[in-house]
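Enquirer: here is a sequence together with a model predicted from it:
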Amino acid sequence: MDWTWGWTAVGAIATCVLAGGIFLAILQIRQMQRSTHAQLAVSLFGELRDENILNTVREIYRLKPNDIRSLLTSTEEKDIKLAHSIEGVLDKFELLGALVAQRIIDKRLAIEAYGGPPVLKCWYQLGENYIKKSAKKARLILQIC
């Protein structure tokens, strides 16, 4: 009885091993992406829970529509600092929205972590005046350039 294998059998086995290796490499890459996305989410949620961000959100709750309007035109250092803090909060929320849109962060996780009445109130407070006026100012700057 001949126990030697032909080169065809060796080639078939090598092909199976190669295919299995490629499959495992793809699984490993996906797992790495999930891990990276999870680290990004934890980092962003940590930043959004920073005391400075929370204080800014609390300030936004206290603002009245007239306060927000005057904040954009004020030259007082206190108001300018608050306006910059508000822009920082908006940037973080915009980043969160982009990550959810790209499916890097799960939509349900983002809503559970930062959804509900507090965020809606924050967006309502800012949306009525601050965001609209800032967008108008940005359009004017773009037209000048």
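Expert: Alright, I've got the coordinates.
Enquirer: all contacts plus neighbour counts: C-alpha atoms, from now on.
Expert: OK.
Enquirer: for residue 36, phi and psi?
Expert: phi -60, psi -40 (degrees, to the nearest 10).
Enquirer: any idea how far it lies from residue 110?
Expert: Here the criterion is C-alpha to C-alpha, to the nearest Å. By it, residue 36 lies 17 Å from residue 110.
Enquirer: between the two, who's got more neighbours?
Expert: Applying other C-alpha atoms under 10 Å to residue 36 and residue 110 shows that residue 110 carries more neighbours, namely 16 against 13.
Enquirer: list the buried residues of the one helix or strand that one maps to.
Expert: Here residue 110 sits within helix 107-114, counting by DSSP states H and E. Neighbour-count burial for helix 107-114, counted by 16 or more other C-alpha atoms under 10 Å, picks out 110, 114.
Enquirer: now do the SS call for the residue most central in space within the chain.
Expert: Compute the mean C-alpha point of the chain, and by C-alpha atoms, centre = their mean the closest residue is residue 96, 2.5 Å away. Remark: residue 96 carries the secondary structure label helix [criterion: DSSP: H, G, I helix; E, B strand; the rest coil].
Enquirer: how much does the helix or strand hosting residue 19 deviate in direction from helix 107-114?
Expert: Residue 19 is part of helix 7-48 when elements are defined by DSSP H and E. With axes from the mean of the first three to the mean of the last three C-alpha atoms, to 10 degrees as the criterion, the two stretches helix 7-48 and helix 107-114 enclose an angle of 20 degrees.
Enquirer: pLDDT (mean, whole number) over helix 7-48?
Expert: Confidence over helix 7-48 (mean pLDDT, whole number) is 86.
Enquirer: so which elements touch it?
Expert: In this structure, helix 7-48 packs against helix 77-101, with contacts taken as 3 or more C-alpha pairs under 8 Å, 6 or more residues apart in numbering; DSSP states H and E.
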